[in-house]
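Below: sequence and its predicted model.
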Amino acid sequence: MSIFRTFMSAGLATSMVGLSLVATAPAAQAHDHFWGGVAAGAVGGIIGGALINEARRPAYAYPVYEAPPPPPPVYRTYYRPVYVPACHYEWRHNEWGDAYRVQVCPR
């Protein structure tokens, strides 16, 4: 932005503010209405402050707490004893190399 444009914008804004103040200024009146103006200013300040504060608050909502999901199912396995046979068969060899089966029983 050029310097000329900056000065023109600032001058135009200043003149508009000045003209609006002159055009809306009422005639001076010497009445005892001081406290009404103070009350109006206080109420306006409180309402304006509340509106500004409402606009500045965070945009996110408060957290919503949901119940946790149910636990996964538990599949129980029951102990079933495994019965080992008391005796079993093994292969043995005699002195000539012939194989034969022998029943072996643990003590």
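Sure thing, it's come through.

now this protein, which segments are flagged as low pLDDT?
Applying pLDDT under 70 to the chain flags residues 1, 20-31, 55-59.

same thing but at 50, please
Along the chain, no part satisfies pLDDT under 50.

Find the residue at the geometric middle of it.
residue 63 (6.6 Å; CA atoms, centre = their mean).

Dihedrals phi and psi, it?
Backbone torsions of residue 63, given as degrees, to the nearest 10, read phi -70, psi 140.

and if you look at residue 49?
Dihedral angles (degrees, to the nearest 10) for residue 49: phi -60, psi -40.

Report how many residues lie close to it.
10 (other CB atoms under 10 Å). No exception for glycine: its C-beta is placed from N, CA and C like everyone else's.

mind checking how far the residue nearest to the centre of the chain is from residue 46?
30 Å (CB to CB, to the nearest Å).

Would you state the helices of this protein in chain order?
Secondary structure of the chain by DSSP state H: the helices cover 3-24, 34-56.

Indicate which one of those helices is closest to residue 68.
helix 34-56 (34.2 Å; CB to CB).

Can you give me the buried ones in the closest one?
Within helix 34-56, no residue is scored as buried using 16 or more other CB atoms under 10 Å.

Relative to residue 78, how far out is the residue of the chain positioned farthest from its centre?
Centroid-distance maximum for the chain: residue 96 at 84.4 Å, with CA atoms, centre = their mean. Using CB to CB, one gets 52 Å for the distance from residue 96 to residue 78.

swap in residue 90?
From residue 90 to residue 78 the distance is 33 Å (CB to CB).

Please apply the same query to residue 106.
From residue 106 to residue 78 the distance is 27 Å (CB to CB).

higher neighbour count, the two?
More crowded of residue 106 and residue 78, by other CB under 10 Å: residue 106, with 7 against 4.
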